[in-house]
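Chemist: Quick check, what structure comes out for this input:
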Amino acid sequence: MTTARAAGTPMSVEERWEQFHRRGPYALLALSTVISALSVDAFGMTRAEQYAAGVLLVAAVALQLRWGRIVRDRPLRGSEPSTAGLVFYTLRTVIAFVLTWLNPLFAVYAVIGYFDSGHLLRGRAVRAGLLVTSVTMAGSQSGGLPPDGTLQWVLFAGLLLLNGSLTLVFAHLGRREVEVAAERAATITQLEQANARLEQALAENAGLHAQLLVQAREAGVADERRRLAAEIHDTIAQGLTGIIAQLQVVTAISDPELARAHLTRAATLARHSLGEARRSVQNLGPTALDHDTLAEALKKTVADWAERTGVDARFTVTGTEEPLHDEVAATLLRIAQEALANTARHAAAHRAGVTLSYMGDEITLDVRDDGRGFDPLVLRPRSGANGFGLDGMRARAERIAGTVTVESEAGGGGTAVSARVPLVRHAAADHHPDRRR
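Modeler: Residues are numbered from 1 along each chain as shown. The predicted structure follows:
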């Protein structure tokens, strides 16, 4: 089967051999016919021998054309030997032998038997085909068949020995060529199978990754519900209870000054509860990531926290910023917010630092302060107004295959919270990377 070739593309060795086996026999037959016709008188060919040679030439062309139609849609080099190939080789060799018997110069055509015995014949037939070709070539080289006289017989024997040695070389090359073709086919098959397995593994990995993200999202929703329920119970609900109690006191007393004092307390509790409600609504989802990258959202979060608490806080980014998957960015932002909230509530710190580091396949978030610290070994889970605590941070990180470690020392040693998670890029980053420093 022929294929289109780009202009200027060089032919490979295999393709050159293909061209030789398809066109070479015609060229050799034509060349041997011309030089044999020019040497008819030199070899004393009779009129009958010339007619016989003509018939054999027509038979050789017809045989070659028939074989060309048989193998038109399959490659010759490296193809498996077949019965059709054996019949073709045998008939062609017999024709070449008879032509060389009639005129030794037809050996130019007979030499083709050396080149294709390896892929047309199998087993012992290869040696037999090469032996007949050797006899034909030795007869031509010694002056023609049959040898005439003792000297010509000796010369024929020596040339047959030489050509027989060449047959061993050609037989070895033929076997080696078949082995190389088989090895190449086996290698291609193995590569195709390995590629299919790799594609299957990638598809399975993509499915597992999508499933993991769905589970992480569902677990995050459940965690947010529990956290908000605890915050509402411990802040807003308690504030409303206090307001009701103050208003009940007002309805039960007649002293205007005392009633005004209780109303003032009720208003204060209402403002405080309103602030807690707003904070809970803001924490319901990472709205800071709607229009900003994680680094930009963290920078604003740290700046707002520093302004609100009066603590000197700095934010730093190291490495090349990558567009992160939404779950990864939301998890790290939540961890940073909770770590800063814990610092404000418990550390009595003067300085704090938040560092976001992009490190190849991982991303780390470090929150440090110079506060009074604590002993991590005696830390107990906290809830309610204290948020979801360090255990909640660890749970968040673990949902996306990350970890959270805490280093602290009671008595003024400060605290360092470090979150390390895989760097999972945003889906659009594969086609439109957006990297910032």
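
Chemist: for the lengthiest helix in the chain, packing partners?
Modeler: Counting residues, the longest helix found in the chain (DSSP state H) is helix 150-231. Counting contacts by 3 or more C-beta pairs under 8 Å, 6 or more residues apart in numbering; DSSP states H and E, helix 150-231 is packed against helix 117-120, helix 124-141, helix 256-282, helix 326-342, helix 389-399. (Each C-beta comes from the backbone N, C-alpha and C, glycine too.)

Chemist: go with 10 Å
Modeler: Contacts defined by 3 or more C-beta pairs under 10 Å, 6 or more residues apart in numbering; DSSP states H and E place helix 150-231 against helix 13-38, helix 117-120, helix 124-141, helix 256-282, helix 326-342, helix 389-399.

Chemist: That one: what's the following helix or strand?
Modeler: Using DSSP states H and E, the helix or strand that follows helix 150-231 in sequence is helix 237-252.

Chemist: starting at the chain centroid, how far to that following helix?
Modeler: 66 Å (C-alpha atoms, centre = their mean, to the nearest Å).

Chemist: follow-up on the earlier one: okay if I get the helices and strands packed on helix 150-231 as CSV plus mean neighbour count and distance to residue 163?
Modeler: Below are the helices and strands packed on helix 150-231 laid out as CSV (neighbours: other C-beta atoms under 10 Å; distance: least, C-beta to C-beta, whole Å):
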stretch, mean neighbour count, distance to residue 163
helix 13-38, 16, 17
helix 117-120, 25, 13
helix 124-141, 20, 4
helix 256-282, 14, 96
helix 326-342, 22, 76
helix 389-399, 19, 79
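
Chemist: Which among the ones you listed is found nearest to residue 199?
Modeler: The closest of those to residue 199 is helix 326-342. By C-beta to C-beta, the value is 25.9 Å.

Chemist: Quick one: distance of the closest one to the chain centre.
Modeler: 33 Å.

Chemist: That one packs against which elements?
Modeler: Short answer (3+ C-beta pairs under 10 Å, 6+ apart): helix 326-342 packs on helix 150-231, helix 294-309, strand 351-359, strand 362-369, helix 389-399, strand 403-408, strand 415-422.

Chemist: angle of it against helix 256-282?
Modeler: 150 degrees (axes from the mean of the first three to the mean of the last three C-alpha atoms, to 10 degrees).

Chemist: Now do helix 326-342 and strand 403-408, the angle between them.
Modeler: 20 degrees.

Chemist: Low-confidence stretches in the stretch 51-200 of the chain?
Modeler: 72-81, 170-171, 174-175, 178 (pLDDT under 70).

Chemist: Look up how far residue 159 lies from the residue nearest to residue 164 when sequence neighbours are not counted.
Modeler: When the adjacent residues along the chain are set aside, residue 164 lies closest to residue 134, with 5.1 Å between them (C-beta to C-beta, 6 or more residues apart in numbering). Distance, residue 134 to residue 159, by C-beta to C-beta, to the nearest Å: 9 Å.

Chemist: Let me know which of the helices and strands packed on helix 326-342 is tucked in deepest.
Modeler: Most buried of the helices and strands packed on helix 326-342, by mean neighbour count (mean count of other C-beta atoms under 10 Å): strand 362-369, with a mean of 22.

Chemist: Mind listing the strands that strand pairs with, and their directions?
Modeler: Here strand 362-369 has these sheet partners by DSSP bridges: strand 351-359 (antiparallel), strand 415-422 (antiparallel).

Chemist: Centre of the chain to the longest one, how far?
Modeler: Meaning strand 351-359. The answer for strand 351-359 is 33 Å, by C-alpha atoms, centre = their mean.

Chemist: Now that strand - C-alpha only, CSV.
Modeler: In CSV, the C-alpha atoms belonging to strand 351-359 read as follows (Å, rounded to 0.1, in the frame of the first residue of the first chain):
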residue,chain,number,x,y,z
ARG,A,351,4.2,40.9,65.5
ALA,A,352,3.0,38.2,63.1
GLY,A,353,4.0,37.0,59.7
VAL,A,354,2.2,35.0,57.0
THR,A,355,4.2,33.4,54.2
LEU,A,356,2.8,31.6,51.1
SER,A,357,5.4,29.5,49.3
TYR,A,358,5.1,27.8,45.9
MET,A,359,7.5,24.8,45.8
